[in-house]
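J.: Sequence first, then the predicted structure:
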Amino acid sequence: MLDKSDDTPADAAARKQPPLGRSVVLVGLMGAGKSAVGKRLAASLALPFHDSDAEVEAAAGLSVADIFARHGEAHFRDGERRVIARLLSEGPIVLATGGGAYMDEATRALIAARAIAVWLRAPIPVLLRRVAGRTHRPLLNTGDPAAVLAQLSARRTPIYAKADIIIDSTEDPPDMTTNATLAALARYTRPIEVRVDLPGAAYDVVIGRGMLSGAGARLAAALPQRRAIVVTDSHVALAHLPTLNAALDDAGFTHDTLVVPPGEGSKSLTRFSALIEDILALKPERQTAIVALGGGVIGDLAGFAAAATLRGLPFAQIPTSLLAQVDSSVGGKTGINSRHGKNLIGAFHQPRLVIIDSDTLTTLPRREAAAGYAEILKAGLIADTALYQWCEANGAALLEGDQDVQETAIAKAIRFKAGVVVADPLETARTDGRALLNLGHSFAHSFEAETGYGTALLHGEAVAIGLVCAFDLSARLGHCDPAIAARIATHLASVGLPHRIGGWSADALLAHMQRDKKMRDGVLSFVLARGIGAAFTSREVPMAVVRETLLACGATHP
């Protein structure tokens, strides 16, 4: 059964809940500035400020150093947890924690349930200058402060990286760090998680803002080894690779990067072969992960390389284009192009995790965003009338950069696709099933082949035209109202997407269709529709009628 769910009630509540409805908990090493920034945050937010160390000392009647000396660290952590639980139960506050508080799993869970965790990330030289001369820090009294801080940082940084927000605490005055934290809190929304519950290969898709800066911690939890090879293209590398590298460093990963040229041309046998050789040159182990950072081309190429190298390496997706976020990053289809057609060489290889940072869309050209939007629209046309109507009402806002709308749309599309993929993971159903996701694609792939798989026609643009063709064909075969194709075309035009064939030869397009991978026993399968949200597959489609649709939608006679 197809998943037609909207945002769940929990998602809706989480997204409507402003950050100031929750407490703010500052975590980080000693000297990170938690108290100085925390007091300023509390004043700006008109919330009470508390310091967990001070509260523990007041409750115990002893200093932190004395508690450590008399009772040991375990006793201190137990009392610290109880104090933090009490403070967070009293309503929204700003809380500065001791450096080790967030290391305790139960304390972390408590903070996650009741607060927004903010890691103040400071470099060791800055920390050293700030803690110089402090004798009340028990852990600093065990040896050389620089060595102690380095050891603590190495052990604690991968855990701090699990925080909801990461703020760099540098030599800047506390007021500047406070302002940066306030800005991050103002735009923070709780991530949406969608479970793709495939038997034996289940994984999460996590959607939110600033996700790239915390990607290392999430990858560490999902992957079998803290070693990764990042595959990206030269454009994405400039915009997003430094942030991902810092996140991987924070989480304790050993990592390398392989950069390929941008564009559909990288989905070739030549580039695939070179990428495999480059991966092998890095001497990966069977647990070394391939992380795809980029759009659909990178996801398809890197995913297929992961499937083929050492007979299968762990794989994670960090899609940076709307098209990849709502479509190719979910479902495990990977592959490259052949001179005979698109995606004819590939494999099913499910990711271990998909991380979607809506902030990456701010650098995406509008044309590429619109191309991704076509796939969201497609989901509604297949089996979710409410989603299609939502798109008609909200498509313009999505493409104008409204992040709330973008994140909602991404979650809707992924929930829909997850339901389809789980029901038919390898596209083996003889009717309907996962093949429904190909609505418009038999047409779209022929358009892409005719235009050379380049920038002249993006995949999503080809799909947009294909959707109109699919409903025109359905109407000609008597399955749906002819007015629906016109309605879809009108909406596509309103958001700047093409909706007519660009004057290409009908005969040439039909020839491309004959090489489509959906051919079975010499007959091409089409996805048709009985109406919006009522798609079905059929092999009983006369090619003469397909030709009529092509001509009616803008193709030319020979």
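T.: It's in.

J.: Walking through the stretch 251-400 of the chain, point out its strands one by one.
T.: With strands called from DSSP state E, counting those that start in this stretch, the stretch 251-400 of the chain shows them at 254-260, 289-294, 315-319, 333-338, 341-348, 353-357.

J.: isn't Lys39 right next to Pro48, touching?
T.: No: counting by C-beta atoms under 8 Å, Lys39 stays clear of Pro48, with 10.7 Å between them. Glycine gets a C-beta too; all of them are placed from N, C-alpha and C.

J.: Now tabulate the strands of the stretch 251-400 of the chain in CSV and tack on mean neighbour count.
T.: Compiled in CSV, these are given as follows (neighbours: other C-beta atoms under 10 Å):
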stretch, mean neighbour count
strand 254-260, 18
strand 289-294, 28
strand 315-319, 28
strand 333-338, 22
strand 341-348, 18
strand 353-357, 26
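
J.: Which one, of these, ends up nearest to Pro199?
T.: With C-beta to C-beta as the measure, strand 341-348 is the member of the strands of the stretch 251-400 of the chain nearest Pro199 (13.5 Å).

J.: Distance from the closest one to the middle of the chain?
T.: The chain centroid and the centroid of strand 341-348 are separated by 23 Å under C-alpha atoms, centre = their mean, to the nearest Å.

J.: so it versus strand 333-338, what angle?
T.: Going by axes from the mean of the first three to the mean of the last three C-alpha atoms, to 10 degrees, strand 341-348 is angled at 140 degrees with respect to strand 333-338.

J.: Need the residues that contact strand 341-348.
T.: Surrounding strand 341-348, the residues in contact under the criterion C-beta atoms under 8 Å, 6 or more residues apart in numbering are 267, 269, 272, 300, 304, 307-308, 332-338, 425-426, 445, 448-449, 453, 512, 515-517.

J.: picking up where we left off before, show me the common contact partners of Lys39 and Pro48, please.
T.: Common neighbours of Lys39 and Pro48, using C-beta under 8 Å, 6+ apart, are Val94.

J.: Could I get the strands of the stretch 251-400 of the chain in CSV, plus columns for mean pLDDT?
T.: Formatted as CSV, those follow (pLDDT from 0 to 100):
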stretch, mean pLDDT
strand 254-260, 98
strand 289-294, 98
strand 315-319, 98
strand 333-338, 94
strand 341-348, 90
strand 353-357, 98
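
J.: would you turn those into a markdown table with distance to Thr408?
T.: Listed next are the strands of the stretch 251-400 of the chain as a markdown table, based on distance: least, C-beta to C-beta, whole Å:
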| stretch | distance to Thr408 |
| --- | --- |
| strand 254-260 | 32 |
| strand 289-294 | 24 |
| strand 315-319 | 17 |
| strand 333-338 | 25 |
| strand 341-348 | 29 |
| strand 353-357 | 12 |
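
J.: I'd like to know which of those strands is closest to Phe536.
T.: Using C-beta to C-beta, the nearest of these to Phe536 is strand 333-338, at 21.0 Å.

J.: For that closest one, C-alpha coordinates in PDB please.
T.: This file holds the C-alpha atoms of strand 333-338, laid out as PDB (Å, rounded to 0.1, in the frame of the first residue of the first chain):
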ATOM      1  CA  LYS A 333      19.000   2.700  -6.900                       C
ATOM      2  CA  THR A 334      22.500   3.500  -8.100                       C
ATOM      3  CA  GLY A 335      24.000   3.500 -11.600                       C
ATOM      4  CA  ILE A 336      25.600   5.100 -14.500                       C
ATOM      5  CA  ASN A 337      24.700   5.800 -18.100                       C
ATOM      6  CA  SER A 338      25.500   3.900 -21.300                       C
END
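
J.: which helices and strands does it pack with?
T.: Packing partners of strand 333-338 (3 or more C-beta pairs under 8 Å, 6 or more residues apart in numbering; DSSP states H and E): helix 269-281, helix 296-308, strand 341-348.

J.: Mean neighbour count, the ones you listed: which tops it?
T.: helix 296-308 (a mean of 26; mean count of other C-beta atoms under 10 Å).

J.: Can I get it in CSV, CA atoms only?
T.: This file holds the C-alpha atoms of helix 296-308, laid out as CSV (Å, rounded to 0.1, in the frame of the first residue of the first chain):
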residue,chain,number,x,y,z
GLY,A,296,21.9,13.0,-8.0
VAL,A,297,24.9,12.3,-10.3
ILE,A,298,27.2,12.0,-7.3
GLY,A,299,24.7,9.8,-5.4
ASP,A,300,24.2,7.5,-8.4
LEU,A,301,28.0,7.3,-9.2
ALA,A,302,29.3,7.0,-5.6
GLY,A,303,26.5,4.5,-4.7
PHE,A,304,27.3,2.2,-7.6
ALA,A,305,31.0,2.4,-6.7
ALA,A,306,30.2,1.5,-3.1
ALA,A,307,28.1,-1.5,-4.4
ALA,A,308,30.9,-2.7,-6.6
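
J.: in the one helix or strand Arg155 maps to, what counts as buried?
T.: For Arg155, the host element (DSSP states H and E) is helix 145-160. For helix 145-160, the neighbour count (16 or more other C-beta atoms under 10 Å) marks 145, 148-149, 152-153, 156-160 as buried.
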